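>>> quick check, what structure comes out for this input:
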Amino acid sequence: MRIIDYYNIVVSILTVGIALFFLGKKVVRQKGGYPEQAAADCRPARLFMQKEKDRLSALGLVCFFLVFALGCFLRFYHLTTLPDGLNQDEASIGYEAFSLAFYGVDRYGNPFPVYPITWGSGGGSPLLIYLTALSFKLFGVSIFVLRGTVAFFGCLTLPLFYLLVKEAKSSLSGLQSSPTGLPSSPTGLQ
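A predicted model of the protein is given here:
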């Protein structure tokens, strides 16, 4: 196995582990595993805290949808013309997806490979290649479909990243980091 194969396995295990950790944390919290605050025992304080929480929740939801709409707009704005033409990675992934969608083999003649070799000795994301192949089958082959697949799933990462940070920190932290944290990370840019 190559180094990138080990990297992909480690990152996949860590991602699943983090997701399971936060899911378990949420289940424990819903079952009442954490002690409530002392002020929650007092009825007026509990009502005030609930109203404040509802107000912040509604404001956070509006802000989240604005951030989500802006993120989706920026991902799809001039999708086929910015940048002009395809870079070698896009072209390579597009060709792999085209070959798999319409002929069932990759560029080397391997039928539905687990880990396609895309450009030189490097491998492309198998999930991206197969999702793009499915998109080519459904919508035809075009630059918009090639880049649109990545843009669509990039839009889906915004709420996932927001929920992950919200579970780890707070709603405000999720809103603050969702538009900046993910797009500036190497994973978010790929």
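>>> tell me where the model's unsure across this structure.
The chain contains residues with pLDDT under 70 at 1-8, 11, 26-57, 119-123, 169-190.
>>> recalculate using a threshold of 90.
Counting by pLDDT under 90, the chain has low-confidence residues at 1-93, 106-128, 150, 153-190.
>>> domain parsing for the protein?
1-35, 50-189 (automatic domain parsing).
>>> all helices for this structure, in order.
Taking DSSP state H, the helices of the chain run over residues 3-30, 43-76, 88-103, 126-139, 143-168, 171-177, 181-184, 186-189.
>>> so which other helices or strands are in contact with the fifth one?
This means helix 143-168. For helix 143-168, the packing partners by 3 or more Cβ pairs under 8 Å, 6 or more residues apart in numbering; DSSP states H and E come out as helix 3-30, helix 43-76, helix 88-103, helix 126-139, helix 171-177, helix 181-184. Just so you know, the C-beta spots here come from the backbone N, C-alpha and C atoms, and that holds for glycine as well.
>>> that one: which residues count as buried?
Using 16 or more other Cβ atoms under 10 Å as the test for burial, helix 143-168 gives 145-151, 154-155, 157-159, 161-162, 164-167.
>>> report the contact partners of the closest residue to Gly148 other than its chain neighbours.
Computed as Cβ to Cβ, 6 or more residues apart in numbering, the closest residue to Gly148 that is not its neighbour in sequence is Leu79, at 6.3 Å. Residues near Leu79 by Cβ atoms under 8 Å, 6 or more residues apart in numbering: 143-144, 147-148, 151.
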